[in-house]
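Student: any chance you could fold what I've pasted below:
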Amino acid sequence: MAVATWRNKWLLAAVAAVAVLLLVWIVGHVRGPVLPGYEVVQAPLVQTVVATGRVTTLSRVQVGTEISGLVLERRVMEGDRVAPGDVLVVLRASDLEARRDEARAALAALTEEERPDAQARRRQAQAELAQAERDLARRRELGERQLVSRESVEQAAQAVVAARAAAEQARLAVAALSGGAREAQARDRLAAAEADLARAVIRSTVAGTVLIRNVEPGDTVGPGDMLLEIASDAPNEVVVALDEKNLDRLQVGQQATCIADAFPGRPFAATVHQIAPGVDPARGTIEVRLRIDPAADFVRQDMTVTATILTGRSDSALAVANDALLDAGPGAEQGDVLLVRDGRVQRATVRLGLRGLAMSQVVGGLEPGDRVLAAGALAPDRMPADGERVRVRLQAAPDTADATAGELPVQFD
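Tutor: Reported below is the predicted structural model:
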């Protein structure tokens with residue numbers, strides 16, 4: 001009797017378990033399958049374009065030489081700071097030194113020998129002129145008294161004319177040697193020789209940092225050779241190449257946040273200041289230059305940088321994950337969603353605003369709190385039809401964990 005009682009109890013328990021499972025299956029079947037989805041939320045929304053580029057400077061100065069010569073000194077290395085006028089390279093130019101010495105000697109001879117000699121000849125000529133004039137005066141007086149012949153008086157007059165011409169010639173010679181044409185020519189030749197020789201000392205014309213060094217002492221260099229390259233001091237830039245599909249979102253003045261691979265924990269600000277006028281036909285990209293905030297003094301030339309450019313913003317936007325959208329390709333202004341209301345699926349068309357890889361703005365067709373299925377995560381055979389019952393398993397919107405101050409980032413390639 002006891003064995004039959006226990007058997008009956010186990011039988012009843014098994015029947016009850018089957019009944020519960022059957023009830024759960026019936027209820028689940030009536031309510032529909034559980035599918036992943038999102039709740040449409042209203043929040044500040046930002047749209048960004050993300051690209052990788054490199055740091056560059058506005059100006060790179062290539063330092064060369066105008067003359068040929070042997071390198072005697074190289075006074076800078078890569079990374080050295082230079083200012084305008086700093087000596088970079090010193091060349092040996094024997095021929096130019098010889099020209100300078102020759103011009104210097106010629107000027108010294110003119111001022112120290114030829115000029116004193118000319119001045120002495122001038123004084124002598126002036127003295128001879130004075131004597132000739134006195135002789136003429138005496139002979140005229142004697143001629144009036146008929147003590148000398150008229151021919152003697154005429155000879156004295158001709159002697160005065162000759163003495164006056166010699167004095168004038170001596171004066172002109174002194175003038176030429178004293179700040180006149182000859183001295184000016186001698187000084188010009190010396191200045192030209194010294195200028196040519198000065199080119200043997202190669203100086204920096206800008207303030208900046210030495211990037212490349214292509215010369216060493218003992219090298220022979222000539223015009224056209226690039227000895228050094230200097231990045232001139234100026235606000236650095238980040239140059240990025242963006243897909244041309246983003247062109248309509250870009251504007252000069254947009255703000256960006258950059259992160260260098262070398263300093264991932266030190267983001268810095270930048271501003272879009274130039275957008276290339278044309279598209280690279282080979283790659284389908286547009287070059288964009290970002291001016292770096294001068295406070296980012298740790299940034300170095302040619303660093304790899306990831307730039308996130310803020311291209312759009314809405315302080316209060318309905319945002320939906322992109323994998324909830326159907327028939328909404330890149331640039332589309334509308335798409336469809338599988339809206340779940342009262343436990344049933346309803347296909348709805350929505351109008352779109354800010355678009356991105358992860359999230360998009362909905363400007364019409366949905367309300368805050370609406371639930372939509374993650375249609376992109378469903379296999380084709382699990383895609384529910386209109387009117388079918390389903391249950392929504394809510395999941396976090398993509399990228400919201402990385403949002404700043406409650407903003408949902410919308411990113412583009």
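
Student: quick one: mean pLDDT for the longest strand along the chain?
Tutor: Longest strand in the chain, counting residues (DSSP state E): strand 304-321. Per-residue pLDDT over strand 304-321 has a mean of 85.

Student: go on, stretch 77-91?
Tutor: Stretch 77-91 comes out at a mean pLDDT of 90.

Student: ditto for stretch 167-187
Tutor: 69.

Student: go on, stretch 250-270?
Tutor: Rounded mean pLDDT across stretch 250-270 is 92.

Student: swap in stretch 333-349?
Tutor: The pLDDT scores in stretch 333-349 average 86.

Student: same for the helix or strand just after the longest strand of the chain, what does it pack against?
Tutor: Of the helices and strands lying after strand 304-321 in sequence (DSSP states H and E), the nearest is strand 334-341. For strand 334-341, the packing partners by 3 or more C-beta pairs under 8 Å, 6 or more residues apart in numbering; DSSP states H and E come out as strand 344-352, strand 371-373. Yep, even glycine has a C-beta here, placed from its N, CA and C like the rest.

Student: state the next helix or strand along the chain beyond the last one.
Tutor: Same thing as strand 371-373. Sequence-wise, the next helix or strand downstream of strand 371-373 (DSSP H and E) is strand 391-394.

Student: against which helices or strands is that following strand packed?
Tutor: Using 3+ C-beta pairs under 8 Å, 6+ apart, strand 391-394 sits against strand 34-39, strand 371-373.

Student: care to break this protein down by domain?
Tutor: Structural domains assigned to the chain are 38-55+235-412, 59-91+199-232, 95-197, following automatic domain parsing.

Student: how about the contacts made by Gln301?
Tutor: By C-beta atoms under 8 Å, 6 or more residues apart in numbering, the residues touching Gln301 are 55-57, 209, 211, 231, 236.

Student: try it again with 6 Å
Tutor: 55, 231 (C-beta atoms under 6 Å, 6 or more residues apart in numbering).

Student: re the thing from before, format the domains of the chain as a markdown table; extra columns: distance to Gly32.
Tutor: A markdown table is the format used below for these (distance: least, C-beta to C-beta, whole Å):
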| stretch | distance to Gly32 |
| --- | --- |
| domain 38-55+235-412 | 3 |
| domain 59-91+199-232 | 65 |
| domain 95-197 | 92 |
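
Student: now do the helices in the protein.
Tutor: Along the chain, counting by DSSP state H, helices occupy 2-31, 94-109, 115-144, 150-177, 181-198.

Student: any weak-confidence spans in the stretch 1-150 of the chain?
Tutor: Along the stretch 1-150 of the chain, the parts satisfying pLDDT under 70 run over 1-31, 58, 103, 106-120.

Student: mean neighbour count, the helices and strands packed on strand 334-341: which tops it?
Tutor: Stretch with highest mean neighbour count among these: strand 371-373 (a mean of 23; mean count of other C-beta atoms under 10 Å).

Student: chain center to it: distance?
Tutor: 47 Å (C-alpha atoms, centre = their mean, to the nearest Å).

Student: which residues touch that strand?
Tutor: Here strand 371-373 makes contact (C-beta under 6 Å, 6+ apart) with 35, 37-39, 324, 337-340, 392.

Student: would you mind listing which of the residues you listed are buried?
Tutor: Buried members of the contacts of strand 371-373, scored by 16 or more other C-beta atoms under 10 Å, are 35, 37-38, 324, 337-340, 392.
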